[in-house]
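1. here is my input; please provide its structure:
(one chain, ligands or ions: 1)
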Amino acid sequence: MLSSYWIRQREYLLEISRALTAQLDLDTVLSKVLQAATELIGGQGALIALREPDGRFIIRVSRGYPPRLQEYFTRLLTDIPNQVDPFQFRIPGLETKLREIAFQTGLPFSQIVALPMRIGDELIGVLLVMRAYGTAFSMDDRRILASFADQAAIAVHNAQLYQHLAQEKRRLDAILESSADGVMILDPGQRITVFNRALAEITGWSAAEAIGRHHDEVIVWARRDTEMDLSRATAGGWPLAQRRGSKTALYVEGDLRRRTGGVVSVGITYAPLLDREGKLVNIVANVRDITRFREADRLKSTFVSVVSHELKTPVATILGYAETLARPDAAWDSETVRELAGVIQEEAQRLDRLITDLLDASRIQARALPMKEEEVDLEMLAQRVAQRFQPQTDRHEITVRFPPDFPTVRGDPLRLEQVLNNLVSNAIKYSPEGGKVRIRGHVRPDEVIVTVSDEGIGIPPTEQGRVFDPFYRVDEGPVRQAGGVGLGLYLARAIVEAHGGRIWVESEPGKGSTFAFSLPRPTYELAPAGSQVS
Ligand code: ADP
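-> Reported below is the predicted structural model:
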């Protein structure tokens, strides 16, 4: 009799083990445990209750009575001792409570046994089995049930671990997705397994397209500042990590080719993830867009070179001429004095313009370029600028044409004149062969457009987007050497944008350029009909 018990118990336990490894959901496994336990020891009812974080026990699965009677059986779950030894475990007053429930529900349960479910020393639940008839539960029954209670505890533990893992994974995914830095995770073969949103934005690859590809298909360097890249550094495994036995990251910096065209400056840190034996499991790559740092760096070094060159040149000239004039051993005729003084004046003016431009540029960067708001007649400004520049050149013909209905705009007249000044002086400067310089006005329903066109050297298409950047100059050919520091168009754009307008260029190398800017037309409130202005 006992030996056949053993065999059946083993069969049941085996079946439950299989259910456990088949990763069925927790309730299915617990139901199987209950079924096996009750059948094996001749019970008619059973339940498993799990301990909640607040210490209460809640019935998770049950058999042998209708679910609507669950309330009654919940009463069995009070005064549960903190005891995990299956042979010592007793819930006080359990039999009395069962008899009351049997009486109230009309169910014939008369015997009951309770087993602790434990993980380590912690009580995580109880297994109860009830008999409708027959004898009280023996120590043997207890022994058999103890193994089922253990199985149930393992199932709960697994489920908790799994839930914990799933939650951790969700949390990690959320962190990765919302990270401002690009992140990707590679398998040991350097195939991409994770690719977050920020990285999609940086590289122009969508996650769906990038995942599954080899790292080198997606990360394509247009230019690299560091000697190593990932393939070279890892040609013989992860050399740094193996050599030093520690997690040493690899850093690569340079310009990446974007999938959608263009390049982006990035710094990528590759960190190896090793298992206990030191074998490479994953490579986690952190990609940072450093375009802005690069730009700031470029600005800083350009600023230094501009200041050293463009400011020092006029100062040197002024000093030289002033020293010449002041030589005690020379008596200069008035003609020469005027000539030398004229050069000094010219250079001082150039210096003054440059200093003003530099100050304006730094005010723009600090967003502190003051702007007046007055009624401005752009045609008048254009005429004035044309009259100022025309006497300085006999190769160029400067014309102004505005339609008669051209409206006034609101803005800062001095600043807008500065824009026209810069555009017209560039038009002259960059058309050394001469030609027409046309300033024209156009009226649109909600904006006005002013264009300045020349017949000069033009700007290559690739440079057209950048000429508005601070200190940016197209450097090719001797004409480009013409004085200037690359601030004129930057200031023009800042002024136009501060007025709510846009500025752009259309140009064909060798044929000429047309710079255009728009300004919003003011909206006037119409006085209601019949109203009187007093
Ligand atoms: P700067 O003239 O002092 O160099 P700008 O900001 O005014 O600086 O212009 C930036 C660059 O754009 C110039 O160096 C020049 O290469 C190019 N550029 C500007 N205007 C013209 C033009 N009308 N024709 C050709 N190239 C131009």
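
2. burial measure for the residue nearest to residue 139 when sequence neighbours are not counted, as a count.
-> Closest residue in space to residue 139, ignoring its immediate chain neighbours: residue 87 at 7.1 Å, by CB to CB, 6 or more residues apart in numbering. Where C-beta positions appear, they are placed from N, C-alpha and C, glycine not excepted. Look at residue 87: counted by other CB atoms under 10 Å, it has 11 neighbours.

3. which residues of the protein lie near the ligand?
-> 422, 426-427, 430, 454, 456-459, 467, 472-474, 480, 484-490, 513 (CB under 6 Å from any ligand atom).

4. among those residues, name the ones in helices.
-> 422, 426-427, 488-490 (DSSP state H).

5. just checking, what packs against whichever strand or helix holds residue 167?
-> Taking DSSP states H and E as the definition, one finds residue 167 inside helix 139-178. Judged by 3 or more CB pairs under 8 Å, 6 or more residues apart in numbering; DSSP states H and E, helix 139-178 is in contact with helix 2-21, helix 26-40, strand 111-119, strand 122-131.

6. list the contacts for the residue in the chain positioned nearest to the ligand?
-> The minimum distance from the chain to the ligand, using CB to the nearest ligand atom, falls at residue 484 (2.3 Å). Applying CB atoms under 8 Å, 6 or more residues apart in numbering, we find residue 484 in contact with 429, 473.

7. again, but for residue 445
-> Residue 445 touches residue 521, counting by CB under 8 Å, 6+ apart.

8. report pLDDT for it.
-> What the model reports as pLDDT for residue 445 is 91.

9. quick check: which element contains it?
-> With DSSP H and E as the criterion, residue 445 is inside neither a helix nor a strand.

10. any regions of the stretch 101-250 of the chain where pLDDT drops low?
-> 237-247 (pLDDT under 70).

11. mind redoing it with 80?
-> The model of the stretch 101-250 of the chain has pLDDT under 80 over residues 134, 235-248.

12. do the stretch 301-450 of the chain as well
-> 302-303, 305-310, 362, 364-369.

13. who are the contact partners of the closest residue to residue 464 other than its chain neighbours?
-> In space, and not counting its chain neighbours, residue 464 is closest to residue 505: 5.5 Å by CB to CB, 6+ apart. Each residue near residue 505 by CB under 8 Å, 6+ apart is listed here: 459, 464, 467, 513-516.

14. do residue 69 as well
-> By CB under 8 Å, 6+ apart, the neighbours of residue 69 are 105, 107.

15. assign it to helix, strand or coil.
-> helix (DSSP: H, G, I helix; E, B strand; the rest coil).

16. that older thread, residue 175: which of the ones in helices among the residues of the chain next to the ligand is nearest?
-> Taking CB to CB as the measure, residue 175 lies nearest residue 490 of those, at 39.0 Å.

17. show the pLDDT at that closest one.
-> The model's pLDDT for residue 490 equals 89.

18. number of residues surrounding the residue nearest to it when sequence neighbours are not counted?
-> Nearest residue to residue 490, sequence neighbours excluded (CB to CB, 6+ apart): residue 470, at 4.3 Å. Using other CB under 10 Å, residue 470 is surrounded by 22 other residues.

19. likewise for residue 349?
-> 11.

20. next one: residue 293
-> Neighbour tally, residue 293, other CB under 10 Å: 12.

21. got a list of what it touches?
-> The contact partners of residue 293, by CB under 8 Å, 6+ apart, come to residue 265.

22. now do the buried residues in the helix or strand containing it.
-> In this assignment (DSSP H and E), residue 293 forms part of helix 291-306. In terms of neighbour count (16 or more other CB atoms under 10 Å), helix 291-306 has its buried residues at 299, 302-303, 306.

23. so which of the helices and strands packed on helix 139-178 is nearest residue 159?
-> Ranking those by proximity to residue 159 (CB to CB) places helix 26-40 first, at 4.1 Å.

24. filter the ones in helices among the residues of the chain next to the ligand to the buried ones?
-> Buried among these by 16+ other CB under 10 Å: 422, 426-427, 488-490.

25. export those residues to TSV and tack on distance to residue 389?
-> Below are those laid out as TSV (distance: CB to CB, whole Å):
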residue	distance to residue 389
422	11
426	11
427	9
488	14
489	17
490	21
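
26. and those residues, which two are the farthest apart?
-> For these, the farthest-apart pair by CB to CB is 427 and 490; their separation is 17.0 Å.

27. let me see the ranges of the helices in the stretch 201-350 of the chain.
-> Along the stretch 201-350 of the chain, counting by DSSP state H, counting those that start in this stretch, helices occupy 207-210, 215-218, 230-233, 239-244, 291-306, 312-326, 334-365.

28. closest to residue 400 out of these?
-> helix 334-365 (23.3 Å).

29. tell me which strands and helices the closest one is in contact with?
-> Looks like helix 334-365 contacts helix 312-326, helix 488-498 (3+ CB pairs under 8 Å, 6+ apart).

30. ok, and for the helix or strand just after that helix, which residues are buried?
-> Moving toward the C-terminus from helix 334-365, the next helix or strand (DSSP H and E) is strand 374-376. By 16+ other CB under 10 Å, the buried positions in strand 374-376 come out as residue 376.

31. which neighbours in the sheet does strand 374-376 have, and how are they oriented?
-> If you go by DSSP bridges, strand 374-376 pairs up with strand 409-411 (antiparallel).

32. for the strand it pairs with, list every residue counted as buried.
-> Using 16+ other CB under 10 Å as the test for burial, strand 409-411 gives 409, 411.

33. show me the contact partners of it.
-> So strand 409-411 is contacted by 371-376, 378, 448, 499, 519-522 (CB under 8 Å, 6+ apart).

34. buried ones among those?
-> Listed as buried from the contacts of strand 409-411 are 376, 378, 448, 499, 519-521; burial here means 16+ other CB under 10 Å.

35. those in strands, which ones?
-> Taking DSSP state E as the definition of strands, the buried ones among the contacts of strand 409-411 contribute 376, 448, 519-520.
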